[in-house]
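Asks: Here is a sequence with its predicted model. Questions after.
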Amino acid sequence: MRRDGILCIDDVFMFSGWNGAKVMPGEYQARISIGDYEETVPVELLPDPRDSATKEEYDFLETKLVEGTNLLNEILLSLDNTRKARHQIKELMAKYGDNQDLMQHAIPALDQINTWEKLIDQVYFQVLEDEDAWPSMLDVQVKHVVGVMDSAGAPVAKGALDRLADLQMQWSERKEELNSITDHIKAIDAWAKSNNINHVITP
């Protein structure tokens, strides 16, 4: 009884797992199909009888869980695309490293991508014990606050809401930095297209 899992990309250590948040109490359907035969039955998910949360509080929790999950998926997708762009830039540099027009944008683009990546994901994580040795970065921090809201249930604590808002602000700043990197990539693309070479993905 969970939502779809978090977007999974290569080389990210999410020690808390990739499961989606639990679904809220309410009316659902279960569907099974075998060949051409299909049957659907109603399912009612009841709240924990120890809970005193109202429907409005459950609805608000669901809104914030979706908000946090979408934020994390956007971060991970941007990270994945940025890494792909870096790989493509490196391939261009390996083939055309003697071209100054390419290199004047490729070198700073790689430097900025490497710096930006370290703010999004802890690149030094390798094993579980590393979680204690290196601080968690934006991706794991967002996953953590979503996990806290998911496990605590309704009503959502003010601290969790404040932390989610803080992480959303941080992501806005990281997106602005990504736009600066994209300016270099656009220049690389312009050079590539003028030389009939494959362009670089835009994060």
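Replies: The structure has been received and is ready for your questions.

Asks: lowest average confidence, helix or strand, in the chain?
Replies: Least confident helix or strand of the chain, by mean pLDDT, DSSP states H and E, is helix 130-133 with a mean of 75.

Asks: Return that helix as CSV; C-alpha atoms alone will do.
Replies: The C-alpha atoms that make up helix 130-133 are tabulated as CSV, following Å, rounded to 0.1, in the frame of the first residue of the first chain:
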residue,chain,number,x,y,z
ASP,A,130,30.1,6.3,4.8
GLU,A,131,26.7,7.8,5.9
ASP,A,132,28.4,8.5,9.2
ALA,A,133,31.6,9.7,7.7
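
Asks: Buried residues in that helix, which are they?
Replies: For helix 130-133, a neighbour-count test (16 or more other Cβ atoms under 10 Å) marks nothing as buried. Every C-beta, even on glycine, is put in place using the N, C-alpha and C of the backbone.

Asks: which other residues reach that helix?
Replies: Applying Cβ atoms under 8 Å, 6 or more residues apart in numbering, the contact partners of helix 130-133 are 13, 15, 122, 124-125.

Asks: Please pull up the helix or strand immediately following that helix.
Replies: Remark: after helix 130-133, the chain's next helix or strand is helix 138-152, criterion DSSP states H and E.

Asks: Kindly provide the whole-number mean pLDDT of that next one.
Replies: In this model, helix 138-152 has a mean pLDDT of 96.

Asks: who does it touch, helix- and strand-wise?
Replies: Secondary-structure packing of helix 138-152 (3 or more Cβ pairs under 8 Å, 6 or more residues apart in numbering; DSSP states H and E): helix 55-96, helix 100-120, helix 158-194.

Asks: closest to residue 30 out of those?
Replies: In terms of Cβ to Cβ, the element of the helices and strands packed on helix 138-152 nearest to residue 30 is helix 55-96, at 19.6 Å.

Asks: Work out the gap between the closest one and the centre of the chain.
Replies: How far helix 55-96 lies from its chain's middle: 3 Å, per Cα atoms, centre = their mean, to the nearest Å.

Asks: That helix versus helix 158-194: what angle between them?
Replies: Following axes from the mean of the first three to the mean of the last three Cα atoms, to 10 degrees, one obtains 30 degrees for the angle between helix 55-96 and helix 158-194.

Asks: The chain should start at 41 in everything you say after this.
Replies: Sure, I'll start numbering at 41, so the last one becomes helix 95-136.
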